[in-house]
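**Student:** Quick one, what's the 3D model for this:
(2 chains)
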Amino acid sequence: MAGQDEGPAGETPGSGQTHSLPGATFLPFGFAIGVALILIGVVVSWPVFWIGCAVAVLFGLLWVADVVRGGRLPAPRPRPAHDDDDGERFGRDKFLEMSTLGIGALIGGAVTAPVVGFAIAPTFIGQGDDDVDLGPIENYPEGEFRVVTFMSKPEQGQVSTRTVFIRNNGFADGTPSFTIISNRCVHLGCPTQPGGPTSADEAVEVETSSGTVRLIPTLPASFVCPCHGGSYDIEGNRTAGPPVRALDRYTFKIADGNLVLGERYSVGTVEGTGASARIAAYDVYDPGQHVDGPTQWMYPLTPNMGR
Amino acid sequence: MGAPYRRRHARRRQAEAAMLAPVNWVEERSGLVGGIRYFLFRNVPSDISWAQTLGSAALTAFIVQAVTGVILAMYYKPDPDKAYESIQFITNELTWGWLVRGMHRWGASVFIILLFLHMGRVFLFGAYKYPRELNWLIGVGLLALGMLEGFTGYLLPWDQTSYWATVVGINIQASGPFVGPFLANVLRGGAEIGSETLARFYAIHMLLIPGGLIGLIGLHLYLVMRLGVTSPPWSRKAAGRKRDPEAETRRQGLVEPRSRRGWRSGR
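**Tutor:** The predicted structure is shown next:
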């Protein structure tokens, strides 16, 4: 490869075919192994991750050094004299050229920035959940699950339809307790179903200030997802399949004797049951995103934090 | 005998000149006709086959998608309350609506299949090698944009299948490390799939990505024109310009077994 980098300095243009292909080197393989170790380490263990980082950086630098020093990059061709370049270039000429380019870039930036901002920013702003009135708490008998369907944003219509599983846990320390589990599977967002008898013909429809709310009695032993077989126990803990955490839950409050749905939040695991359950709660994450364990660092900042 | 023939001959030449007059008018002022002739009637290696037509086939499929898509856009309504009904109207009520929608729907699969076949041909024939690496990269961009067209177009019928497929598809993206959550939000137009999402997918599907596709197709064709068509790997004839003999020797081991070098010595 040594002969390649003799530049075509003294040659006439055209005869110096300088496209050179890299010769065999093992350095890219070392780099690839490092990257593979990083990926394995993220899932398996941190020491492997750091070893991978070191290997990748080492081989990456060696690779770059090899390419630069070993003349693997083609030598730049001598720039042919421009036709209109044969005279002396004056300062004003250069100034006009640069100012034309500069003003063009300025105009481009001034147009692009608001357009891109308009396309992206609104998707992160004002994304909170509205409170939803789910009707009188008498409709939720203690210790029983209801499949409750409602519109989370009535002004958006059908597309905002959401389903939750609600169980009245009775009172804990004198305050009412409800378990409100989102039906969206935390694998990829399909609707989970109660694993048990569901009495659709005993459905009750309640008119509330948030529109029509539909309650269906059910006796679940689990919640199961039809898409890829994710299974959860009745507290929402994952028992089988691909989900990465427990089912999301909602906060609630009682207003004028009505159950009012608050904000959704994500759950790592739930210990215990009912009113005495200990819930590892996190900000709301999208399905498929880890909230605990080392893999949570792959999702350091999710949009809409603190909504 | 001779006179009628000459008369007919003269008349034909007159008619030809009259027909060609507008073409010549355009050519004289733009050079476009010559450019198109240069593009369409290039020399190609004599031993190419039907396999080299897959790219043109994919281009044809894209043109079919573009034309049928423009016509469907005249009737489709990207509104959560109306999208499903407008699709039903196109399919069941409009004259030939079923045909144009069917062409667009099945043509989408045809387009993707042809992209893969074309890519496979280029790979197996080694046509991605120097100096055509850049065109391979542009082709990868075209494949990615084509898949995105499929993904965004799938939501537009706005039925249960398309809704839940999009939920799953966006959440797959959301589970990508680091940037996944951001991209998912941008794609959804918010934290949840809602009324914003459909209009956004429609704009991406019919304006944003087709623009990118057309630009990349232009670049792709420019490079095909500039670099020419490759001979098949078994060809005994050389394609294209002569190369640097030193580089040729270096490449020998990659392009073909050294034992076949004798074949090319006559070049």
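**Student:** shaky segments in the stretch 51-200 of chain B?
**Tutor:** Residues of the stretch 51-200 of chain B meeting the criterion pLDDT under 70: none.
**Student:** what about the residue of it found nearest chain A, neighbour count?
**Tutor:** At 2.9 Å from chain A, residue B:175 is the closest residue in the stretch 51-200 of chain B, using C-beta to the nearest C-beta. Bear in mind the C-beta positions are built from the backbone N, C-alpha and C, glycine included. When counting by other C-beta atoms under 10 Å in any protein chain shown, one arrives at 22 neighbours for residue B:175.
**Student:** Please tell me how far it sits from residue B:80.
**Tutor:** 25 Å (C-beta to C-beta, to the nearest Å).
**Student:** can you list the weak-confidence ranges in chain A?
**Tutor:** A:1-24, A:70-89, A:301-307.
**Student:** Which residue would be the closest one in it to chain B?
**Tutor:** Counting by C-beta to the nearest C-beta, chain A gets nearest chain B through residue A:288, at 2.9 Å.
**Student:** returning to that earlier point: quick one: the residue of the stretch 51-200 of chain B closest to chain A and residue A:289 touch, right?
**Tutor:** Yes: with contact defined as C-beta atoms under 8 Å, residue B:175 reaches residue A:289; the gap is 5.7 Å.
**Student:** Can you tell me which residues in the stretch 51-200 of chain A are near chain B?
**Tutor:** A:119-120, A:122-124, A:127, A:152-153, A:156-160, A:187-191 (C-beta under 8 Å from any C-beta of the partner chain).
**Student:** so of the residues you listed, which ones are in helices?
**Tutor:** Of these, the ones assigned to helices by DSSP state H are A:119-120.
**Student:** all helices of the stretch 151-267 of chain B, in order?
**Tutor:** B:160-174, B:180-188, B:195-203, B:209-227, B:245-255 (DSSP state H, counting those that start in this stretch).
**Student:** Mean neighbour count for the ones you listed - can I get that in CSV?
**Tutor:** Formatted as CSV, the helices of the stretch 151-267 of chain B follow (neighbours: other C-beta atoms under 10 Å in any protein chain shown):
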stretch, mean neighbour count
helix B:160-174, 19
helix B:180-188, 21
helix B:195-203, 20
helix B:209-227, 15
helix B:245-255, 13
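**Student:** Make CSV from those helices and add distance to residue B:61 to it.
**Tutor:** Putting the helices of the stretch 151-267 of chain B into CSV (distance: least, C-beta to C-beta, whole Å) gives the following:
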stretch, distance to residue B:61
helix B:160-174, 22
helix B:180-188, 25
helix B:195-203, 21
helix B:209-227, 12
helix B:245-255, 31
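**Student:** what about those, which gets the closest to residue A:166?
**Tutor:** When the helices of the stretch 151-267 of chain B are compared by C-beta to C-beta, helix B:160-174 sits nearest residue A:166, at 22.2 Å.
**Student:** all strands for the stretch 201-307 of chain A, in order.
**Tutor:** A:204-208, A:211-218, A:223-224, A:231-232, A:238-240, A:246-255, A:258-271, A:278-282 (DSSP state E, counting those that start in this stretch).
**Student:** Which among the ones you listed is found nearest to residue B:156?
**Tutor:** Per C-beta to C-beta, nearest to residue B:156 of the strands of the stretch 201-307 of chain A: strand A:211-218, 26.8 Å.
**Student:** Which elements pack onto the closest one?
**Tutor:** strand A:132-136, strand A:145-151, strand A:204-208 (3 or more C-beta pairs under 8 Å, 6 or more residues apart in numbering or on different chains; DSSP states H and E).
**Student:** Tabulate those strands in a markdown table, adding columns for mean neighbour count and distance to residue B:106.
**Tutor:** Below are these laid out as a markdown table (neighbours: other C-beta atoms under 10 Å in any protein chain shown; distance: least, C-beta to C-beta, whole Å):
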| stretch | mean neighbour count | distance to residue B:106 |
| --- | --- | --- |
| strand A:132-136 | 21 | 42 |
| strand A:145-151 | 22 | 36 |
| strand A:204-208 | 13 | 42 |
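**Student:** circling back: leaving out sequence neighbours, find the closest residue to the residue of chain A closest to chain B.
**Tutor:** The shortest distance from residue A:288 to any non-neighbouring residue, by C-beta to C-beta, 6 or more residues apart in numbering or on different chains, is to residue B:175 (2.9 Å).
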